[in-house]
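Peer 1: Pasting the sequence and the predicted coordinates here, then a few questions.
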Amino acid sequence: SARPERFLQLCAEHNMQVCVPSNAAQIFHLLRRQMVRQYRKPLIVMTPKSLLRHKDAGSPLEDLAAGRFRNVIGEVDKMTARNVRRAIFCSGKVYYDLLAYRREQKIGDVAILRIEQLYPFPHDDFIAQLKKFPNARDLVWCQEEPQNQGAWYRMRAYLRDDMQKLGFPKKLFYAGRPVSASPAVGYASWHAKQQKELVEAAFGSKLTTGEIVTSI
């Protein structure tokens, strides 16, 4: 049972790496990086089997032949940076749900960015991506796990610290499942309903009330 929050609790003093590669090229470069580095640290790779079959998680050969592992992957669609009012940060396969919803709804003022390395947290890469959208006033961390699980509690401190360094009057929100004693509800229909709600909430206006989204 892969529980990212349990590994993140063990992370300190650069004792390990916790990564969530979201496509084939990222996995390739992550494993290559692990082998060619001059030092050895345990590498925890969090990625679901469903991405092995996901049509959007493939990579062209050029991405495997060149490039490197990217700790943070920026916006992939064309949009005017100054018009972006909200930036959604996430990890893993929820990214593809968010991307599909944004394209279906033709939303052009919300950027989606992937944090591929949860620890050590890539502060410089995160700040560099955030600087691209100076008019974004809402930052949202979106995850599939319940609020008391997943990466949220660890990411919350990192995101807030970097936001304060930039000095921008931004607000940080959480979009995901409510707190739960179990990692999943156990019913496929209920799970799908929650998944739909958290994706819609990440883009919607329910960012100050309710169980799905919480203002920080």
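Peer 2: Structure's in. What do you need?
Peer 1: from here on, contacts and neighbour counts on C-alpha atoms
Peer 2: Will do.
Peer 1: contacting residues around S22?
Peer 2: Contacts for S22 (C-alpha atoms under 8 Å, 6 or more residues apart in numbering) come out as 47, 51, 57, 91-93, 116.
Peer 1: Selection in PyMOL covering whichever of the residues you listed are buried, please.
Peer 2: PyMOL command restricting the contacts of S22 to the buried ones, with burial defined by 16 or more other C-alpha atoms under 10 Å:
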select buried, resi 47+51+57+91+92+93+116
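Peer 1: so how far is G67 from the spatially most central residue of the chain?
Peer 2: For the chain, the residue nearest the mean C-alpha position is C90 (1.6 Å; C-alpha atoms, centre = their mean). From C90 across to G67, the span is 22 Å (C-alpha to C-alpha, to the nearest Å).
Peer 1: How about the contacts made by R33?
Peer 2: R33 makes contact with F69 under the criterion C-alpha under 8 Å, 6+ apart.
Peer 1: Regarding it, what is its secondary structure?
Peer 2: Secondary structure state of R33, per DSSP: H, G, I helix; E, B strand; the rest coil, is helix.
Peer 1: what's the distance between it and A25?
Peer 2: Note on R33: its distance to A25, by C-alpha to C-alpha, is 12 Å.
Peer 1: Need the residues touching each of those two.
Peer 2: Jointly contacting R33 and A25 under the rule C-alpha under 8 Å, 6+ apart are F69.
Peer 1: in this structure, what residue sits furthest out from the centroid?
Peer 2: Q38 (28.1 Å).
Peer 1: Could you look up the SS state of it?
Peer 2: On the basis of three-state DSSP, Q38 is classed as coil.
Peer 1: pLDDT (mean, whole number) over stretch 11-18?
Peer 2: Averaged across stretch 11-18, pLDDT comes to 97.
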